[in-house]
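Colleague: okay, sequence plus prediction incoming.
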Amino acid sequence: MFPSRRKAAQLPWEDGRWDISSCPSPRSLPRPQQEPRGRIYRGSSLPRPIAGLASAPPQRKPPPHDNGGSRLIPSGLPRKCSVFHLFVGCLLLGFLSLLWLQLSCSGDVAWAARGQGQETPGPSRACLPEPPREHWEEDESWGPHRLAVLVPFRERFEELLVFVPHMHRFLSRKKIQHHIYVLNQVDHFSFGALHRFNRAALINVGFLESGNSTDYIAMHDVDLLPLNEELDYGFPEAGPFHVASPELHPLYHYKTYVGGILLLSKQHYQLCNGMSNRFWGWGREDDEFYRRIKGAGLQLFRPSGITTGYKTFRHLHDPAWRKRDQKRIAAQKQEQFKVDREGGLSTVKYRVDSRTALSVGGAPCTVLNILLDCDKAATPWCTFS
């Protein structure tokens, strides 16, 4: 009734015999063909599995022992340390370093009456940042001295765009180490009045803010460009050197004129106590400074051997477009001819609102936005109503 069952094949080890030749060789077994990468099979074109062989999952190498950290971290660090933890630690260390630097060199020097031992409350100001390193610092042929070009400035941007690249190229050709400081007097109102321009006070501020990276200064007008390569801008060791002498300046030719461009060592400028801060508006501050030079016992030097005459400089100022502030208010007309024996570098009061490093036409410079203090009791002509 039921079909006879076929007797199962007797295995070799069941009858006590073991013939290794009866085992198929691994090499005799057919191997499955590998599917080529990127090839797509459709319908009946799919490869069929070989009968009698079970598909085994590909064996993978066991992963290396992981101790909870990254393989990029040295084995000496703690087990829980990771790249993220190191990154956070570096940020924290950098922040603490900057905080220590700020606290170590801050000082309440703003609005200080220098030289009289008086200080008024004001925001703390960090140490003066040094100008960026220049290429000449590694070239000994440029000499050991460095010039701070102090440029009193307010609202004359078209002249500044010409001045900074021109002076940088001119001084670089002469291998004069230098840095240009644009001393921008920021307009602000006090009791409904606008402060007038004060060239001398701005030069005092530029002297103080230029730091110790420079050892001599050039009091330089923004509208006066040197054209003759023979003009000397070197260190004035013997005494003040008036580059824009009366024989060369295109406008001013009287003998006591020391404006335009004047070089002084920082030691000599301190000996003169800088310039008077009483001259608000245009003019007369350089005439008063000539008296200070003579009062300090310094000898004034001027260029010699320059044959270009009044064409030695290019004067950018257009009086029709930009008129000068020549008004004399209250007692200013009488006071402008007096020598200020008390005020100067030691009494200038100011605040630096901001300090910005700029590149004008590829020439580096530093712009200082300066707020000058106006003492209306001492100089009632310092403001416009």
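Modeller: Ah, there it is. Every value quoted in this text rests on a predicted model; they were computed, and no experiment measured them.

Colleague: which residues of this protein score low on pLDDT?
Modeller: 1-81, 99-139, 188-193, 283, 317-337, 384-385 (pLDDT under 70).

Colleague: SS state for residue 97?
Modeller: What DSSP: H, G, I helix; E, B strand; the rest coil gives for residue 97 is helix.

Colleague: then residue 166 would be within a strand, right?
Modeller: No: going by three-state DSSP, the assignment for residue 166 is helix, not a strand.

Colleague: from residue 353, how far off is residue 227?
Modeller: 35 Å (CB to CB, to the nearest Å). C-betas here are computed from N, CA, C, even on glycine.

Colleague: for stretch 374-382, which residues meet the burial criterion?
Modeller: Residues 374, 379, 381, 382 are the ones in stretch 374-382 that count as buried (16 or more other CB atoms under 10 Å).

Colleague: quick check: the last one touching residue 376?
Modeller: Yes: between residue 382 and residue 376 there is a contact at 6.5 Å, judged by CB atoms under 8 Å.

Colleague: which residues touch stretch 369-378?
Modeller: 111, 183-186, 188, 190-191, 195, 198, 201-202, 205, 278, 280, 348-356, 382-383 (CB atoms under 8 Å, 6 or more residues apart in numbering).

Colleague: select only the buried ones of those residues in ChimeraX?
Modeller: Those of those that count as buried under 16+ other CB under 10 Å are selected in ChimeraX with:
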select :183,184,185,195,198,201,202,205,278,280,348,349,350,351,352,355,382,383
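
Colleague: cross the contacts of stretch 369-378 against strands and list the overlap.
Modeller: 183-185, 190, 195, 350-356, 383 (DSSP state E).

Colleague: now for those residues: which two are most distant?
Modeller: 356 and 383 (26.5 Å; CB to CB).

Colleague: which two from the buried residues of stretch 374-382 end up farthest apart in space?
Modeller: Greatest spatial distance in the buried residues of stretch 374-382: 374 and 381, 9.8 Å, computed using CB to CB.

Colleague: what sits in contact with each of these two?
Modeller: When CB under 8 Å, 6+ apart defines a contact, the residues bordering residue 374 and residue 381 alike are residue 280.

Colleague: need the ones in strands among the contacts of stretch 369-378 in CSV with distance to residue 341, can you?
Modeller: Below are those laid out as CSV (distance: CB to CB, whole Å):
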residue, distance to residue 341
183, 25
184, 29
185, 25
190, 27
195, 24
350, 21
351, 26
352, 27
353, 31
354, 34
355, 32
356, 36
383, 24
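
Colleague: between those, which is closest to residue 305?
Modeller: residue 183 (32.0 Å).

Colleague: got the contact list for that closest one?
Modeller: 150, 151, 152, 153, 202, 203, 205, 206, 368, 370.

Colleague: burial check on the nearest residue to residue 355 once chain neighbours are set aside, number of neighbours?
Modeller: Among residues not flanking residue 355 along the chain, residue 368 sits closest, at 5.6 Å (CB to CB, 6 or more residues apart in numbering). Residue 368 has 23 neighbours, counted by other CB atoms under 10 Å.

Colleague: run through the bridge partners of residue 368.
Modeller: residue 183, residue 355 (DSSP bridges).

Colleague: need the contact list for it.
Modeller: 181, 182, 183, 184, 205, 206, 209, 352, 354, 355.

Colleague: try it again with 6 Å
Modeller: For residue 368, the contact set (CB atoms under 6 Å, 6 or more residues apart in numbering) comprises 183, 209, 352, 355.

Colleague: how about the residue nearest to residue 314 when sequence neighbours are not counted, phi and psi?
Modeller: Sequence neighbours aside, residue 225 is the residue nearest to residue 314 in space, at 4.3 Å (criterion: CB to CB, 6+ apart). Main-chain torsions, residue 225, degrees, to the nearest 10: phi -110, psi 130.

Colleague: quickly note the distance from residue 225 to residue 350.
Modeller: 28 Å.

Colleague: cool, residue 240 as well?
Modeller: 24 Å.

Colleague: do residue 147 as well
Modeller: From residue 147 to residue 350 the distance is 22 Å (CB to CB).

Colleague: swap in residue 142?
Modeller: Residue 142 is 32 Å from residue 350, by CB to CB.

Colleague: cool, residue 245 as well?
Modeller: Taking CB to CB, one finds residue 245 at 31 Å from residue 350.

Colleague: repeat for residue 307
Modeller: Counting by CB to CB - residue 307 and residue 350 are separated by 42 Å.

Colleague: what do you get for residue 162?
Modeller: 27 Å.

Colleague: burial count for residue 163?
Modeller: 26.

Colleague: count the residues that sit near residue 358.
Modeller: Residue 358 has 13 nearby residues by other CB under 10 Å.

Colleague: pretty sure residue 262 is touching residue 245, no?
Modeller: No: contact criterion CB atoms under 6 Å: residue 262 and residue 245 do not qualify, at 10.0 Å.

Colleague: more neighbours: which of the two?
Modeller: Taking neighbours as other CB under 10 Å, residue 262 and residue 245 compare with residue 262 leading, 26 against 23.

Colleague: once you drop chain neighbours, what's closest to that one?
Modeller: Once chain neighbours are set aside, the closest to residue 262 by CB to CB, 6+ apart is residue 219, at 4.6 Å.

Colleague: pull the residues that contact whichever strand or helix holds the one you found.
Modeller: Under the criterion of DSSP states H and E, residue 219 resides in strand 216-220. Outside strand 216-220, the residues that touch it by CB under 6 Å, 6+ apart are 147, 148, 149, 150, 151, 203, 235, 261, 262, 263, 264, 265.

Colleague: next one: stretch 204-215
Modeller: For stretch 204-215, contacts defined as CB under 6 Å, 6+ apart pick out 128, 130, 145-146, 148, 150, 181, 183, 266, 274-275, 345, 348, 350, 368, 370.

Colleague: make sure residue 232 is indeed in a helix.
Modeller: No: Residue 232 is assigned coil when assessed by three-state DSSP, not a helix.

Colleague: neighbours of the spatially closest residue to residue 305 that is not a sequence neighbour, how many?
Modeller: Among residues not flanking residue 305 along the chain, residue 230 sits closest, at 7.1 Å (CB to CB, 6+ apart). Burial measure for residue 230: 12 neighbouring residues, criterion other CB under 10 Å.
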